[in-house]
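Engineer: Fold the following.
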Amino acid sequence: MANYYNTKPASSLKRLINFVFDSLIIIVIAYLIKHFVFPKPITQLDSGISFNLSFYLFFLLFYISMEYFLGKTIGKMITRTKMISRSGKKINLMNIIIRTFLRFFILEWISFFKKRPIGWHDSLSDTKVIDLKS
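Structural biologist: As a prediction, the model looks like this:
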């Protein structure tokens, strides 16, 4: 297993690509859920609420299940990156839940504009995203 302290974090560009791919997947699936589960809103407001509900529920399900069972999301698979824990052990469910909920923080993206591109959802959950060895 990779050593947390001796590994360089994945680049900001790879992290952005991870975010874009994962976000597109979540948005498409949330739209499909909204379209098939909540097909006919009573009012225009209901349409927005059902999409938001679908989005946030699938967001939670996507990140928690992908990171817990596979240790990576589809975006990380594409960029050949993975997440590691500070302890060097498999990342536990609580750390993944913390990571996932911290992603909801509206200003979280600011944390990537540092010399080392480690987001608050990484640092506060004792995790880091690194490149896979070639």
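Engineer: Please enumerate the strands of this structure.
Structural biologist: Remark: strands assigned in the chain by DSSP state E are 81-85, 127-131.
Engineer: hey, where'd the helices end up in this protein?
Structural biologist: Residue ranges of the helices in the chain, as given by DSSP state H, are 12-37, 44-69, 74-79, 93-102, 120-123.
Engineer: Which of the ones you listed sits closest to residue 110?
Structural biologist: In terms of C-beta to C-beta, the element of the helices of the chain nearest to residue 110 is helix 120-123, at 8.5 Å. Where you see a C-beta, it was placed from the backbone N, CA and C, and this is true even at glycine.
Engineer: Could you name the helices and strands sitting against the closest one?
Structural biologist: With contacts taken as 3 or more C-beta pairs under 8 Å, 6 or more residues apart in numbering; DSSP states H and E, helix 120-123 sits against helix 93-102.
Engineer: buried sites along the helix it packs on?
Structural biologist: Judged by neighbour count using 16 or more other C-beta atoms under 10 Å, the buried positions of helix 93-102 are 95, 96, 97, 98, 99, 100, 102.
Engineer: That helix relative to strand 127-131, how many degrees between them?
Structural biologist: 80 degrees (axes from the mean of the first three to the mean of the last three C-alpha atoms, to 10 degrees).
Engineer: Tell me if I'm right that residue 131 and residue 18 touch.
Structural biologist: No. At 11.7 Å, residue 131 and residue 18 do not qualify as touching, with contact defined as C-beta atoms under 8 Å.
Engineer: so what sits against both of these two?
Structural biologist: Counting by C-beta atoms under 8 Å, 6 or more residues apart in numbering, the common neighbours of residue 131 and residue 18 are 10, 81.
Engineer: Please compare the two by neighbour count and tell me which comes out ahead.
Structural biologist: Higher neighbour count among residue 131 and residue 18: residue 18, with 21 against 16, using other C-beta atoms under 10 Å.
Engineer: Run through the residues that contact the more buried one.
Structural biologist: 10, 73, 75, 76, 78, 79, 81, 129.
Engineer: Could you check how many residues crowd around the fourth one?
Structural biologist: Okay, so that is residue 76. By the criterion of other C-beta under 10 Å, residue 76 has 24 neighbours.
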